[in-house]
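Chemist: kindly return the folded structure for what I paste below:
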Amino acid sequence: MSNFFDTSGFPPRWQCGEWSPGVGWLTIISDLAIFGAYTALPLTIAWYVRRRREVPFPLIFWLFSAFIFACGATHLLEVVIFWYPLYPLQAVLKLGTALVSIATVLAVALIMPRALAIPGIQAMNTHLQQEIAARTASQGELQRRSEELQRSEDRLLAAQQAARIGDWSFDPTTQQISWSEQVFRLFSRDPRAGPPKDFAENMSLYTSRGAEALEALMARIQGGENRVEGDLEVRLPGDAIAWHHAIVHAQRSPEGAVVRLWGTAQDITAQQSDAAAKDQQRQELLRINQQLEQFAYIASHDLVEPLRKMRFFTDVAMAESEGRLTPEGVDAMQRLSQASERMSSLVRDLLAFARAGKSLVTVKPVALANVLQQSLDRCAAMVRDTGAQLTISDLPEVSGDHLLLVQVFQQLVTNALTYRHPDRPPQIEISATVDDGMVRITVRDRGLGFAPEQAGRLFDPFVRLHPQVVNQGTGIGLAICRRIIGAHNGRIFAVARVDGGAEFTVLLPQMKESPHVN
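Modeler: Numbers count the residues shown, from 1 in each chain. Predicted structure coming up:
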């Protein structure tokens, strides 16, 4: 290899053959142009790769640059050989060019699958257009959602204003309080002043009674409750008083510590005023009713003795003047005695009506079966004399006063027997069902009944729909029943049966409830 670069045996290319100046210089100039182009290309590629560092597959760019530059160098050497026979150097340069070419081919073969995976310009444009369309749609959806949220906020604000309710939140750590616009209105506070700076300033917005109630709510929150509510008395500017119904929710950390409080405040001043007025009215009505009952009781009690004396002296006068009175005189004395007797019955019934339902002596579970049995025992003679047929189903327990309920069912059975149909024996059916905590007792008969339009008058005092059937009675029995059932927090009503007769329904609570005065 020591003589490898020896060029003594090679003539310059101008001396190889007969070169005309035109062909020789055309070859030289063409090779120089190719060399210039092959040199400019790798330099441009190198400048591009250095400026665009995110260009994919940079190794390929550098290999192509080396390959193109080597090819250009061979053309330059072709020009030099016209004067200097550097054929050995040309062989070495071509070998280097061949090696760079092979390396470039191998690199291209290895990188080609990855290069093919890169989407083309059309695909990238399509993808870009799809992404732009998706983002445009997303922006449109975001805009639509934003508009819906704004409309929802507007509706919420309108609802809060209509209901006079606002929302708030409180951070116990920073003592920061936030109010909605409506809360400022509830406290008659200028929004420019902002909400209270801390909990202590917030407490100053309440009266002493309201502050105590709020502290009680906070104590329940600290005790572990996550939702509390109560009515708070608020001090407004100008020493005015308002009432807010507050609902407080607690947000806790995993360890159970309170990290945030939030809730609502609603103006209930009007409701509180109405409730106070109604309570005062109710107390006044109760007082008047008590006075009326007391008056009725006293008046009725004071009438008993004069009536008793009237009957006594009437009987004495009839006995002393027996045989001396004319028939007309005897009839007048008998009418006087009967009138005094009816007046006595009326006074006794007035006393019973004034006392009925005034208070329940004992309230405890009562077996309706025992109540009905005792009621039937009291009118057993009347059942026997009329030949009445009774059908009784199983009866549950209710909460009430045993003796007063006996009085009610005795009256209902007596009515069915008294106002029986003249052409058939009395038939009485008594049944009971339980529905939603109420016991429905039904008493049906096949007596004279009543017209449907008369159902509303049955329970009014002194109403007698069939005075021709019986002369006795004052028409106050069903009114007493209504007062007793009302004192048991129940109801009693009647309907006319299509096949004749009447149907009375009594509703009583199955579970014990607090009775009230009717």
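
Chemist: off-centre distance for stretch 280-288?
Modeler: Its chain's C-alpha centre and that of stretch 280-288 lie 36 Å apart, by Cα atoms, centre = their mean, to the nearest Å.

Chemist: show me which residues of it are buried.
Modeler: Within stretch 280-288, no residue counts as buried by 16 or more other Cβ atoms under 10 Å. C-beta: built from backbone N, CA, C; applies to glycine.

Chemist: please save the CA atoms from it in CSV.
Modeler: Extracted in CSV, the C-alpha atoms of stretch 280-288 (Å, rounded to 0.1, in the frame of the first residue of the first chain):
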residue,chain,number,x,y,z
GLN,A,280,-103.5,35.7,70.6
GLN,A,281,-106.8,35.1,68.7
ARG,A,282,-106.9,31.5,69.7
GLN,A,283,-106.3,32.4,73.3
GLU,A,284,-109.1,35.0,73.1
LEU,A,285,-111.5,32.4,71.5
LEU,A,286,-110.6,29.9,74.2
ARG,A,287,-111.3,32.5,76.9
ILE,A,288,-114.7,33.3,75.3
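
Chemist: and it, average pLDDT?
Modeler: In this model, stretch 280-288 has a mean pLDDT of 76.

Chemist: which residues of this protein score low on pLDDT?
Modeler: 1-2, 118-120, 153-154, 156-163, 288-305, 307, 341-362, 462-475, 498, 511-518 (pLDDT under 70).

Chemist: just the strands in it please.
Modeler: 165-171, 176-179, 227-236, 240-252, 258-267, 364-367, 389-392, 397-400, 427-435, 438-445, 491-496, 502-509 (DSSP state E).

Chemist: now distance to Asp274 too, for the ones you listed, in CSV please.
Modeler: Formatted as CSV, these follow (distance: least, Cβ to Cβ, whole Å):
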stretch, distance to Asp274
strand 165-171, 18
strand 176-179, 27
strand 227-236, 14
strand 240-252, 11
strand 258-267, 13
strand 364-367, 36
strand 389-392, 48
strand 397-400, 32
strand 427-435, 33
strand 438-445, 29
strand 491-496, 26
strand 502-509, 28
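
Chemist: can you put these in a markdown table and add distance to Lys197 and mean neighbour count?
Modeler: Putting the strands of the chain into a markdown table (distance: least, Cβ to Cβ, whole Å; neighbours: other Cβ atoms under 10 Å) gives the following:
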| stretch | distance to Lys197 | mean neighbour count |
| --- | --- | --- |
| strand 165-171 | 12 | 19 |
| strand 176-179 | 8 | 17 |
| strand 227-236 | 18 | 16 |
| strand 240-252 | 20 | 17 |
| strand 258-267 | 16 | 18 |
| strand 364-367 | 58 | 15 |
| strand 389-392 | 74 | 13 |
| strand 397-400 | 55 | 22 |
| strand 427-435 | 57 | 16 |
| strand 438-445 | 55 | 20 |
| strand 491-496 | 57 | 17 |
| strand 502-509 | 53 | 20 |
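
Chemist: now Met382: how far from Leu372?
Modeler: 15 Å (Cβ to Cβ, to the nearest Å).

Chemist: apologies, that question was intended for Tyr84.
Modeler: 143 Å.

Chemist: between the two, which one's more packed in?
Modeler: In terms of neighbours (other Cβ atoms under 10 Å), Leu372 is the more surrounded of Tyr84 and Leu372; the figures are 23 against 13.

Chemist: for the more buried one, what are its contacts?
Modeler: For Leu372, the contacting residues are Ile392, Leu395, Phe409, Ile430, by Cβ atoms under 8 Å, 6 or more residues apart in numbering.

Chemist: hmm, try it at 6 Å
Modeler: Phe409 (Cβ atoms under 6 Å, 6 or more residues apart in numbering).

Chemist: do you know how far it is from Glu229?
Modeler: Distance from Leu372 to Glu229, by Cβ to Cβ: 46 Å.

Chemist: and what of Leu186?
Modeler: Leu186 is 16 Å from Glu229, by Cβ to Cβ.

Chemist: now do Pro12
Modeler: Look at Pro12 and Glu229: by Cβ to Cβ, they are 111 Å apart.

Chemist: just Ser273 next, same as before
Modeler: Counting by Cβ to Cβ, the gap from Ser273 to Glu229 is 20 Å.

Chemist: over to Leu478?
Modeler: Leu478 is 45 Å from Glu229, by Cβ to Cβ.

Chemist: what count of nearby residues applies to the closest residue to Val55 other than its chain neighbours?
Modeler: Computed as Cβ to Cβ, 6 or more residues apart in numbering, the closest residue to Val55 that is not its neighbour in sequence is Val49, at 5.8 Å. Burial of Val49 is recorded as 16 neighbouring residues (other Cβ under 10 Å).

Chemist: looks like Val49 contacts Pro58 (just checking).
Modeler: Yes. Counting by Cβ atoms under 6 Å, Pro58 is a contact partner of Val49 at 5.5 Å.

Chemist: related to what we said a few turns ago, and the residue nearest to Val55, what does it touch?
Modeler: Val55, Pro58, Phe61.

Chemist: which ones among those lie within helices?
Modeler: Mapping the contacts of Val49 onto helices (DSSP state H) picks out Pro58, Phe61.

Chemist: what's the PyMOL line that selects buried ones from the contacts of Val49?
Modeler: Here is the PyMOL command that selects the buried residues among the contacts of Val49 (16+ other Cβ under 10 Å):
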select buried, resi 61
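
Chemist: could the contacts of Val49 be laid out in JSON lines, adding distance to Leu116?
Modeler: Shown next, in JSON lines, are the contacts of Val49 (distance: Cβ to Cβ, whole Å):
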{"residue": "Val55", "distance to Leu116": "17"}
{"residue": "Pro58", "distance to Leu116": "18"}
{"residue": "Phe61", "distance to Leu116": "18"}
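
Chemist: which among the contacts of Val49 gets closest to Ala200?
Modeler: The closest of the contacts of Val49 to Ala200 turns out to be Val55 (Cβ to Cβ; 66.1 Å).

Chemist: how close does the closest one sit to Gly323?
Modeler: For Val55 relative to Gly323 (Cβ to Cβ), the value is 150 Å.

Chemist: now Tyr38
Modeler: 170 Å.

Chemist: between these two, which is the more surrounded one?
Modeler: In terms of neighbours (other Cβ under 10 Å), Tyr38 is the more surrounded of Tyr38 and Gly323; the figures are 19 against 5.

Chemist: that one against Ala70, yeah?
Modeler: No. Using Cβ under 6 Å, Tyr38 makes no contact with Ala70, being 8.5 Å away.

Chemist: give me the number of neighbouring residues for Pro254.
Modeler: Residues near Pro254, counting by other Cβ under 10 Å: 5.

Chemist: show the backbone phi and psi for it.
Modeler: phi -60, psi -30 (degrees, to the nearest 10).

Chemist: helices of the stretch 101-250 of the chain, start to end?
Modeler: Along the stretch 101-250 of the chain, counting by DSSP state H, counting those that start in this stretch, helices occupy 121-163, 181-186, 199-203, 208-222.

Chemist: quick one: buried residues of the shortest one?
Modeler: The one in question is helix 199-203. Of the residues in helix 199-203, those buried (16+ other Cβ under 10 Å) are Asn202.
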